[in-house]
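Novice: next input, structure requested:
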Amino acid sequence: MQIGKGLVVSCKMNYYSVATYGRRLQDSINRCRILGIRNVHAVRYHSGGKTGRTLYSLFPNSLPEGPPPNGPFEINIRELRSEFLKLQAKTHPDLAPKEEDKERFELESSKLNKAYSTLRDPLHRALYLLELNGMEISEDEGRKMPQDPELLMMVYEMLEEIEEAGSEEDIEGTKERLDGLINYAEESITKAFDTHDLETAKQATIELKYWTNIRESLKEWEPGKPIRMVH
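Specialist: Numbering: from 1, shown residues only. Next up is the predicted model:
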C-alpha cells in the first residue's frame, strides 16, 4: 500500500480489523515521522508461530534485508552505529514539538537503544534470533554446566587452567585460546543462521555463551582467587 509520496507500508488485512489496522498504521506513520524515515520497511517475521516487526526493521538503511535467512547474520557494525546515531538524534525528548509528545519520543529512543544493543553484539543477536524462531535458550540452559560431554570437558579444562594460573603471564595463553573458541563459535553461528540450520545455531550459541561468560569472569581474575562465572 502506498500512502503519500515515497511512503510504502505492506500489510495483511486478514490479521486485523479495519479499525485496529487504522490505529496501527497511524502509529507506524507517526513513528516514521519522528525517525525521519520515508520508506517504511514493514518487515514481517513468520516463524515459530510468531508474526511481527523485528528489531531489524528499525534500521532500514543498514539492515534492509532483515533477519536471516533473508538477510545475513553478520552485520556491518560501523554502518549500524552510524544509522543508530542519526536516528537517536531525532528521537531526543528535548526535540519533541509538544510537551505531550515527549513520552512518545522517550519510548522511541528506548526502543532504538535496546535494538542497537541487541544487534551489535553477536551473542545477543543470536539469542534474539533464536527467540524469534521459538528456540530461545532458557536461563537454566545458560547457567547449568553443559550437557554435551565434549563441551563439558573443555569448560572444565578451561576453568582449571584459570584457577591454577599464578600470574598474568600464565593466563595469557588461556586468554588467547578462549578468544579462538569465541571466534570459532561466532563463525559457526553465522554459517548456521545463514543456512537456517537452527539446531546448529542454538548449540553454537550455547557454546558462545559459556566462552563469553568465562571471558567476562577473567576481568576480575586474581592469582589464587576462584573464578566466578558471570551469567
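Novice: what is the burial count for F84?
Specialist: Here the count is done by other CB atoms under 10 Å, and F84 has 21 residues near it. In short, each C-beta sits where N, CA and C put it, glycine included.
Novice: so who does it touch?
Specialist: Counting by CB atoms under 8 Å, 6 or more residues apart in numbering, F84 touches F59, L112, Y116.
Novice: okay, buried residues for the helix or strand where the last one lies please.
Specialist: Which is Y116. Using DSSP states H and E, Y116 sits in helix 102-120. By neighbour count on 16 or more other CB atoms under 10 Å, the buried set for helix 102-120 is R104, F105, E108, S109, K111, L112, A115, Y116, L119.
Novice: go on, stretch 165-181?
Specialist: Residues of stretch 165-181 classed as buried: A165, I171, T174, K175, L178, L181 (neighbour count, 16+ other CB under 10 Å).
Novice: can you list those residues in a markdown table and add distance to Y210 and secondary structure?
Specialist: Formatted as a markdown table, the buried residues of stretch 165-181 follow (distance: CB to CB, whole Å; DSSP: H, G, I helix; E, B strand; the rest coil):
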| residue | distance to Y210 | secondary structure |
| --- | --- | --- |
| A165 | 19 | coil |
| I171 | 18 | helix |
| T174 | 14 | helix |
| K175 | 15 | helix |
| L178 | 10 | helix |
| L181 | 9 | helix |
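Novice: now the helices for this structure?
Specialist: 18-35, 77-90, 102-120, 122-132, 139-143, 149-164, 168-194, 198-218 (DSSP state H).
Novice: for those, which one sits closest to P68?
Specialist: helix 168-194 (4.1 Å; CB to CB).
Novice: what is that closest one packed up against?
Specialist: helix 122-132, helix 149-164, helix 198-218 (3 or more CB pairs under 8 Å, 6 or more residues apart in numbering; DSSP states H and E).
Novice: pLDDT on it, on average?
Specialist: The predicted model gives helix 168-194 an average pLDDT of 93.
Novice: now the angle between helix 198-218 and it, please.
Specialist: 160 degrees (axes from the mean of the first three to the mean of the last three CA atoms, to 10 degrees).
Novice: in contact with the nearest residue to P72 once chain neighbours are set aside, which residues?
Specialist: In this structure, P72 finds its nearest non-sequential neighbour in D194, 5.9 Å apart by CB to CB, 6 or more residues apart in numbering. Residues in contact with D194 (CB under 8 Å, 6+ apart) are P68, P69, P72, F73.
Novice: can you get me a residue count around the second one?
Specialist: This means P69. Quick note: P69 (other CB under 10 Å) scores 15 neighbours.
Novice: for P64, find the nearest of the helices of the chain.
Specialist: helix 77-90 (10.6 Å).
Novice: convert the C-alpha atoms of the closest one to PDB, please.
Specialist: C-alpha atoms of helix 77-90 as PDB (Å, rounded to 0.1, in the frame of the first residue of the first chain):
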ATOM      1  CA  ILE A  77      28.600  -2.600  12.900                       C
ATOM      2  CA  ARG A  78      30.000   0.700  11.600                       C
ATOM      3  CA  GLU A  79      27.000   1.300   9.300                       C
ATOM      4  CA  LEU A  80      24.600   0.100  12.000                       C
ATOM      5  CA  ARG A  81      26.100   2.600  14.500                       C
ATOM      6  CA  SER A  82      26.000   5.400  12.000                       C
ATOM      7  CA  GLU A  83      22.300   4.900  11.300                       C
ATOM      8  CA  PHE A  84      21.600   4.400  15.000                       C
ATOM      9  CA  LEU A  85      23.200   7.800  15.900                       C
ATOM     10  CA  LYS A  86      21.300   9.600  13.200                       C
ATOM     11  CA  LEU A  87      18.000   8.100  14.300                       C
ATOM     12  CA  GLN A  88      18.800   8.600  18.000                       C
ATOM     13  CA  ALA A  89      19.500  12.300  17.300                       C
ATOM     14  CA  LYS A  90      15.900  12.700  16.000                       C
END
